[in-house]
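A.B. asks: Make a model of this:
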Amino acid sequence: MLSDNRFLGETLIMLKSSWLFVGRFVRSLGRTGYRLGGQNMNAEHRAILAALEARDPKAARAAMIAHIDGSERRVFKGER
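C.D. replies: Sure, this is the predicted structure:
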C-alpha cells in the first residue's frame, strides 16, 4: 500500500461498495454533468496520488479534504 497505513487500507476496502453505489447514482443523474464532474474527480484523485507518492502528509491531507469537499458538492449540491 502506497501510504503504509493499515487503517487507511482497511477503511478503503470497507468503503468500496459505498463508492460503487454513489458512482452509479451520480452517473444516473446525467451523462454530460457526470463527465464534467468526473474530470474534476479524476484531477482530485491525481492530486491525492501525487501527494502519497511524494510522501507529503500535509499535501495528502489537503488533497483528500479537497476531494471530499468536491464529492459533497457533486453528489449533494449538483455541482460538476
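A.B. asks: Show the contacting residues for the most centrally placed residue in the chain.
C.D. replies: Residue closest to the mean C-alpha point of the chain, counted by Cα atoms, centre = their mean, is residue 67 at 5.0 Å. By Cβ atoms under 8 Å, 6 or more residues apart in numbering, residue 67 lies in contact with 41, 44-45, 47-48. Where C-beta positions appear, they are placed from N, C-alpha and C, glycine not excepted.
A.B. asks: I'd like the average pLDDT over the helix or strand that contains it.
C.D. replies: Secondary structure assigned from DSSP states H and E places residue 67 in helix 57-76. The average pLDDT for helix 57-76 rounds to 90.
A.B. asks: And that helix, what's buried?
C.D. replies: Burial within helix 57-76, assessed by neighbour count using 16 or more other Cβ atoms under 10 Å, is assigned to 60, 63-64, 67, 70-71, 74.
A.B. asks: Now do that helix: distance to the chain's middle.
C.D. replies: Centroid separation between helix 57-76 and its chain, computed with Cα atoms, centre = their mean, to the nearest Å, is 7 Å.
A.B. asks: Low-confidence stretches in the protein?
C.D. replies: Residues of the chain meeting the criterion pLDDT under 70: 1-3, 26-38, 80.
A.B. asks: Which stretches in it count as helices?
C.D. replies: 6-28, 31-53, 57-76 (DSSP state H).
A.B. asks: got the angle between the first one and helix 57-76?
C.D. replies: Angle, helix 6-28 to helix 57-76, by axes from the mean of the first three to the mean of the last three Cα atoms, to 10 degrees: 30 degrees.
A.B. asks: Having no further points to raise, I will conclude here.
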